[in-house]
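S.K.: Provide a 3D model corresponding to the input given below.
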Amino acid sequence: MSVSDADVKKIAKLARLRLTDDEVALYGGQLTKILDSMAELNTADTSGVAPTTSVLGAVNVMRDDEPMPFGDTEALLANAPERDGPYFKVKKVLE
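M.R.: Next up is the predicted model:
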């Protein structure tokens, strides 16, 4: 598969990149090599391989989310640069 200069320019435009003609040619060649490698991998017979998201056998180690009261609010608020009563005071971030 060959990636044309027009394809590279379109991808660059979508990525908001400005490329010189030399860069277009360079990246076109690199993208062609990448796509050729992917096409070669596509020919591998994977019919006997079970689908997996991880080859490491990772398991979910998250705990159940159980709400509970926080005991020492004053200790927590002592770290606040500014506070308003029992709340952190922060600058407005939305207009």
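
S.K.: could you pull out the helices for the chain?
M.R.: Secondary structure of the chain (DSSP state H): helices at 5-14, 21-42, 73-77.

S.K.: quick one: which of the ones you listed is nearest L56?
M.R.: Taking C-beta to C-beta as the criterion, helix 21-42 is the member of these that comes nearest to L56, at 20.6 Å. C-beta here means a position set from N, CA and C on the backbone, and glycine is covered the same way.

S.K.: Can you list the buried residues in the closest one?
M.R.: V24, Y27, G28, L31, T32 (16 or more other C-beta atoms under 10 Å).

S.K.: Tell me the one of these nearest N79?
M.R.: Y27 (47.9 Å).

S.K.: contacting residues around the closest one?
M.R.: With contacts defined as C-beta atoms under 8 Å, 6 or more residues apart in numbering, the neighbours of Y27 are V8, A12, L19.
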